[in-house]
Each structure stands twice: as structure tokens, then as C-alpha cells.
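Novice: Structure for the following, please:
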Amino acid sequence: MILVLRALGVGDLATAVPALRALRAVYPGEELALAAPAWLAPLVDLVGAVDRLLPTDGLGPPPWPPVSLAVNLHGRGPQSHRMLAGAGRLLAFRCPEVGHLDGPPWRPGEHEVARWCRLLAWYGIPADRTDLALRRPAPGGAPAGATIVHPGSKVERKRWPAGRFAALARELAGRGHRVVVTGSADERDLAGRVAAGAGLPADAVLAGGTDLGELAALVAGARLVVSGDTGVGHLATAYGVPSVLLFGPVPPAEWGPPADRPRHRVLWAGARDWPGSSGVGTHPTLAALPVDRVLAAVDEAEEAVRVSGAVAA
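Specialist: Below is the predicted model:
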């Protein structure tokens, strides 16, 4: 069995898709198991390369089943390297602290997709960094053609002000978009404030009302996605859905959609001068983005769809 560690979130899984598929292609006869949080299961199924999910929260050393090869797609160590110690041959970034002298050096600021493809290339495993598309889920009860406004983020400083999301949603609704507001259960109050400020009906608030599979189906059938630097933006990239993503303070060069895909627009108005996720309130890089600039990016993304036709980009 091949064991891959990626015990993180939605965007982290989405950016590891090319690496996971590369491992699947090189080891077609091996069972490929992914160590990741159990709640990611609906999205793991849509990757199409993973045979088994090993529910993993945190980086404590769980008892692994017999493994022939372990691949660290979680980080550069040492904790994640130690977690995989004894699980078989390890493919990972170089980490002298734990005695792992094999593997390439870590490059700060590298795009997350390119990082894991480069790791595998070091070990002779070719990966296509453009292979980001996820399988399309069954639509279920997800409204087709909706415009998704996603105001939340686990990191508060990555959130564009709620009042501006409300103003944006109001303008989009006035243009004929069917706007829905998504988020986690913890973000339902935020989503409600955005919807109320935009004059949207109560049933436009979907935050806390969709599981991950339903959210993926909603995005896959959407007209447009507007969000911050969070997992929903990665789903939009995976399904070729036009998106406007608001980045700050982390630059999009590390986590944004590929620059060669014109129907995705990224706005960033600052520098990397923040102390991690500490502090309270929106970071100035986001606070500097006005509503009219976001609306202009929406126009550009939708024009790119008209120019390119129905082919996802």
C-alpha cells in the first residue's frame, strides 16, 4: 500500500490532485491510501485517484497498516516526517532535523501545486500541474446557475469586509444573478448579515446547510464564484467556473488559480507583511479592495467565458 499524508483542508486537497494522480499513474497496481480528515471524504471521492481514506486529524503518529511507500504531501517536516517514520520508504522534502537527507530542498513562496509536483519529480515521478479538474458530482438538490458569494475564511484577516460583500451581492442580484451565500455552520451569522445587507431572501443563505459534496455540486453548476483565499475558490478552479478571488495578505502566486486560465480573476492589493494569522480584523491588503474593482473583475471573468465558449478554462 502507498500512504499519502495530506491531513489538511479543501484547498490543500485540491492543490494536491496532480500529485495524487501522478502516484496513481506510476503505481497502478498498488492500493493508494490518503491520510486526511474524515469530513473530506466526499471530495476525496471526486479526485478519482484514491482507493482508501484513512481518517486523520492532526499530526499524532497513528498506527498505520503495512505500507511499502509513504509520501509526505503535508509539509516539510519535522513533525509530519516523524509521523510517517517507520511507515515504509519515505518520499519527502529534505529535513536534516529528523535525519531525512533525501529529497529536494523546500522553496519558500513556491506555488502549492508546483511544490508537490516538484517533490515527486525529484523521485522520478512525473506530474502534470495542470491536472486540477475534479469529477463532477451528481447535482442533487443544488440550484443550477447560481452565483456563489462566499464571505468567510478560517483566518479572519483573509476576510473582505462583510459590508462590501453585501454591496457586491446586491449589485449582482440587480444584474439578474441568482445569488446564494455559502459558508460553514460557524459562518452562518456572517452569511446572514451579508444576505440581509444585500436584500436577499432568507433561503439565499446556504452557509451551514450544505455538506462538502453538496457544496462541490453547487460550485460545479454555478454561474460565478466570488470568494476570498479559501477552499471554494479552489473548487471553482477545479470545475472551470468563472471566479473572482480576493487575496490578502498571502499572495496569489502561492495559492491562486493558474495564471493561464482567463475566466479566473484574482485581486490582490498588498505585500506579505503580516505576522501569520495573528491580529484581529481584515488585513489592509483586503480592506484596500473597493467594490467597483471587484465588479470590474466580474465583468472580465464573464467576458472571458463569452469569448472562450463552453470550454472550461
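Novice: What residues of stretch 72-79 count as buried?
Specialist: Going by neighbour count (16 or more other C-beta atoms under 10 Å), the buried part of stretch 72-79 is 72-77, 79. All C-beta spots, glycine's among them, are computed from the backbone N, C-alpha and C.
Novice: same check, this time on stretch 27-47
Specialist: Buried residues in stretch 27-47, counting neighbours by 16+ other C-beta under 10 Å, are found at 32-37, 40-41, 43-44, 46-47.
Novice: if we can go back for a sec, which of the buried residues of stretch 72-79 lies closest to Trp116?
Specialist: For the buried residues of stretch 72-79, the closest approach to Trp116 (C-beta to C-beta) belongs to Leu73, at 5.3 Å.
Novice: roughly how far apart are the closest one and Pro65?
Specialist: Going from Leu73 to Pro65 by C-beta to C-beta, to the nearest Å gives 18 Å.
Novice: now do Glu110
Specialist: Distance of Glu110 to Pro65, given as C-beta to C-beta: 32 Å.
Novice: same thing with Pro290?
Specialist: 53 Å.
Novice: ditto for Leu218
Specialist: Computed as C-beta to C-beta, the Leu218 to Pro65 distance reads 35 Å.
Novice: can you check Pro252 too?
Specialist: Taken as C-beta to C-beta, the span from Pro252 to Pro65 is 38 Å.
Novice: and the lowest-mean-pLDDT helix or strand in the chain, which residues are buried?
Specialist: Every helix and strand of the chain was ranked by mean pLDDT, DSSP states H and E. The lowest is helix 284-287, at a mean of 77. Across helix 284-287, burial judged by 16+ other C-beta under 10 Å covers 285-287.
Novice: Also stretch 128-138?
Specialist: In stretch 128-138, counting by 16+ other C-beta under 10 Å, buried: 129, 131-132, 134, 137.
Novice: need the contact list for Glu290.
Specialist: Just to correct that, residue 290 is Pro rather than Glu. By C-beta atoms under 8 Å, 6 or more residues apart in numbering, Pro290 lies in contact with Arg164.
Novice: which regions of the chain sit below the pLDDT cut-off?
Specialist: For the chain, applying pLDDT under 70 flags the ranges 61, 270-283, 309-313.
Novice: so where's the longest helix in it?
Specialist: The residue-count maximum for a helix in the chain (DSSP state H) belongs to helix 291-308.
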